[in-house]
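> fold the following, please.
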Amino acid sequence: MSEERNPAPEVTPDRGAHSDDLLMPKVIYVLYILGPFFWLTGVVGVVMAYVYKDGAPEWMQSHYRLQIDTFWKGLAFLLPGVLLTFVLIGYLILLFWVVWLLVRAVKGLKALSERRPVERPVRWGF
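This is a model prediction of the structure:
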C-alpha cells in the first residue's frame, strides 16, 4: 500500500497583512493625491486613517501615522499659502505644498507595496 503525501503549501512572509488589508491605506494615499484638485478628499482620507489606525498591524500603523501627520502638517502649508496668494508668495507656498504632498503619498505607496513600514512617519520633510 502506497500512501500519497501532499506537500505542505508554500508559505510566503506577508508581514501580517493580506492584500485586502492594504486596500484602506492605498485608498487614503490616492485620496491625498487627489487632494490638491478636490479638497474634500483629504478630509475623507484623514478620517479614514483615524478609523482604521487602531486595528492595523504595527508596521501598517506607521502608514496611518504618516497619513494623519501629512494632513495636519499640510494644513500648516495650505492655510498660509491661501492667505498669502494676494501677495503672490502664497502661490509658491501652495506649489511647495502640492509637491510635498505628492512626494509623501508616492513614497508611502511605494513602502506599502513593498509591505514595509514608513521610516520616520512624523517628520516635516519628504
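
> surely residue 22 and residue 111 touch.
No: shown here, residue 22 and residue 111 do not form a contact pair, counting by Cβ atoms under 8 Å, at 11.1 Å. From N, CA and C alone the C-beta is placed, and that goes for glycine too.

> looking only at neighbour counts, state which of the two leads.
residue 111 (19 against 16; other Cβ atoms under 10 Å).

> let me know the helix or strand that the closest residue in space to that one that isn't next to it in sequence is in.
Once flanking residues are discounted, residue 111 sits nearest to residue 118: 5.3 Å by Cβ to Cβ, 6 or more residues apart in numbering. Counting by DSSP states H and E, there is no helix or strand that carries residue 118.

> where do the strands sit along the chain?
Using DSSP state E, no strands are found in the chain.

> show me where it has helices.
Remark: helices assigned in the chain by DSSP state H are 23-34, 40-53, 58-83, 89-113.

> these: which one's closest to residue 122?
helix 58-83 (4.9 Å; Cβ to Cβ).

> relative to helix 40-53, how tilted is that closest one?
Interaxial angle of helix 58-83 relative to helix 40-53 (axes from the mean of the first three to the mean of the last three Cα atoms, to 10 degrees): 150 degrees.

> picking that back up, can you add distance to residue 123 and give the helices of the chain back as CSV?
Converted to CSV, the helices of the chain look like this (distance: least, Cβ to Cβ, whole Å):
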stretch, distance to residue 123
helix 23-34, 16
helix 40-53, 17
helix 58-83, 8
helix 89-113, 9
